[in-house]
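In: okay, structure incoming, though there's no sequence with it:
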């Protein structure tokens with residue numbers, strides 16, 4: 001079970017670090033998607049910081065379970081909010097957010113069961 005936790009956590013952390021990097025470099029497609037759902041440009045760096053913090057927290061959580069749990073909860077809430085934001089804007093192209101949410105949920109559940 002611990003091996004599954006490590007694999008899923010590293011995958012979730014890598015995915016969120018990559019997504020945060022796209023926010024930091026202001027990747028054009030990210031800007032287009034954010035504008036489509038009504039997220040101001042000024043929030044993009046903050047959202048990237050939250051994803052990067054979640055990724056770092058997941059990795060630190062391998063050794064410090066409470067940090068991993070907090071990071072997992074934070075990422076789950078982040079991606080639930082992202083999906084709600086898409087739904088409120090009547091934009092149904094949130095498939096990646098669902099994948100990120102599932103990774104965060106899996107990492108959180110595995111962290112809780114591995115403690």
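Out: Nice, thanks for sending it over. The structure presented is a predicted model; accordingly, all values stated were derived computationally and were not measured.

In: where does residue 91 land in three-state SS?
Out: coil (DSSP: H, G, I helix; E, B strand; the rest coil).

In: neighbours of it, just the number please.
Out: For residue 91, the count of nearby residues is 13 (other Cβ atoms under 10 Å). (C-beta placed from N, C-alpha, C; glycine too.)

In: got phi/psi on the closest residue to it other than its chain neighbours?
Out: The shortest distance from residue 91 to any non-neighbouring residue, by Cβ to Cβ, 6 or more residues apart in numbering, is to residue 37 (5.2 Å). Residue 37 adopts backbone torsions of phi -100, psi 0, taken as degrees, to the nearest 10.

In: residue 37: neighbour count?
Out: Residue 37: 16 neighbours (other Cβ under 10 Å).

In: what sits against it?
Out: Residues in contact with residue 37 (Cβ atoms under 8 Å, 6 or more residues apart in numbering) are 85, 86, 88, 89, 91.

In: please consider this matter closed, and thank you.
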